[in-house]
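In: Have a look; sequence and predicted model below, questions after that.
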Amino acid sequence: MTTHTEAEIGSQPECWRRAVADVPVGALPRPGERVAVIGCGTSWFIAMAYATLRERAGLGETDAFAASEAPTGRSYDRVLALTRSGTTTEVLELLRRTDARTTAITADPNTPVMTAADDVIVLDYADEQSVVQTRFATTQLAMLRASLGEDLTQAIADAEQAVAAPLPAELTDAEQFSFLGIGWSVGLAQEAALKMREASRSWTEAYPAMEYRHGPISIAGPGRVTWMLGTAPEGLREQVEETGGTFFQTGLDPMAELIRAQRVAVARAFARGLDPDEPLHLTRSVILSS
């Protein structure tokens, strides 16, 4: 029987098509605004990716923070909150105390975030039954990338390939993973590592690609995978392979490559007798008692 997580992973290409065809006007950050993007867990890593892309597009200074670590006293024109559940305590508290204009992206229109933010974008078609977040994260990033003027035609085609391609045994059987990114894909590398931990309790780490040489490469070796999301720095593959480790990189859009990592996480969960829909010690939302 197909799990919720598997079905949700497989639905991502269609969700992305819907997201890029219906980018909301007016609610998202405007050119020139100084923006803070906040979230928790997966949403923080998606915030990191969007912040880098927005600045790179020349649309304004954009910072990304875990909601619990957002600085007080710093001035922003807009706070953009990413929250699948719409109930996460740290996100709601920050929205209520900021003086900036606020926008929230959520999956559930029947939650407190609907009144905590000035503007709300609801992607209910990308909501999930699994605790492990997959399609909502990438769908909101697809929408955000489209809002920056990106054409995601190739990314969606890459996503279809990532959903269907066989998974190499060197990935499903690996002892350890180091996910690497560069620029906006650093956040996606962090998210890939998180998915692997959540779903399959695998030993994973994540770094900016250029930083990997500054210590973390010491963990590379036989049975261990260094997985690049995006284009690797020159010479890095050779350095990893000299250790006996596997260097894995494809030409897919990094967001599509994240889909492959999600699928590997599920395959490894099954191999360990785990339920990827219900990862240990986790719930859909972290709601703190007052």
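Out: Now that the structure is in, tell me what you want to look at.
In: burial of Pro71, as a residue count?
Out: 9 (other C-beta atoms under 10 Å). Backbone N, C-alpha and C define where each C-beta goes, glycine included.
In: Now it. Nearest residue, chain neighbours left out?
Out: Phe65 (7.4 Å; C-beta to C-beta, 6 or more residues apart in numbering).
In: Quick check: mean pLDDT of stretch 191-199?
Out: Throughout stretch 191-199, pLDDT has a mean value of 96.
In: Please apply the same query to stretch 109-116.
Out: Mean pLDDT, stretch 109-116: 96.
In: Quick check: end-to-end length of it?
Out: Terminal residues of stretch 109-116 are spaced 12 Å apart (C-alpha to C-alpha, to the nearest Å).
In: so what's Asp124 up against?
Out: Listed by C-beta atoms under 8 Å, 6 or more residues apart in numbering, the contact partners of Asp124 are Ala107, Asp108, Pro109.
In: Just the buried ones from the residues you listed, in ChimeraX syntax?
Out: Command for ChimeraX, covering only those of those found buried under the criterion 16 or more other C-beta atoms under 10 Å:
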select :107,108
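In: so which of the contacts of Asp124 comes closest to Pro31?
Out: Using C-beta to C-beta, Ala107 is the member of the contacts of Asp124 that lies nearest Pro31, at 26.9 Å.
In: could you measure that closest one against Cys15, distance?
Out: 11 Å (C-beta to C-beta, to the nearest Å).
In: again, but for Tyr76
Out: Going from Tyr76 to Cys15 by C-beta to C-beta gives 29 Å.
In: same question, Gly41
Out: Relative to Cys15, Gly41 is positioned 19 Å away (C-beta to C-beta).
In: Who has more neighbours out of these two?
Out: Set Gly41 next to Cys15 and count neighbours by other C-beta under 10 Å: Cys15 wins out with 23 against 19.
In: The more buried one in helix, strand or coil?
Out: Here Cys15 is recorded as helix under DSSP: H, G, I helix; E, B strand; the rest coil.
In: That one: what's it in contact with?
Out: Applying C-beta under 8 Å, 6+ apart, the residues near Cys15 are Tyr125, Ala126, Arg135, Thr138, Thr139, Ala142.
In: go on, Ala206?
Out: Contact analysis of Ala206 by C-beta under 8 Å, 6+ apart lists Ser178, Phe179, Leu180, Gly181, Val186, Ala189, Gln190, Ala192, Ala193.
In: where do the strands sit along the chain?
Out: With DSSP state E as the criterion, the chain has strands at 35-39, 62-66, 78-82, 101-106, 119-122, 176-181, 204-208, 224-229, 246-248.
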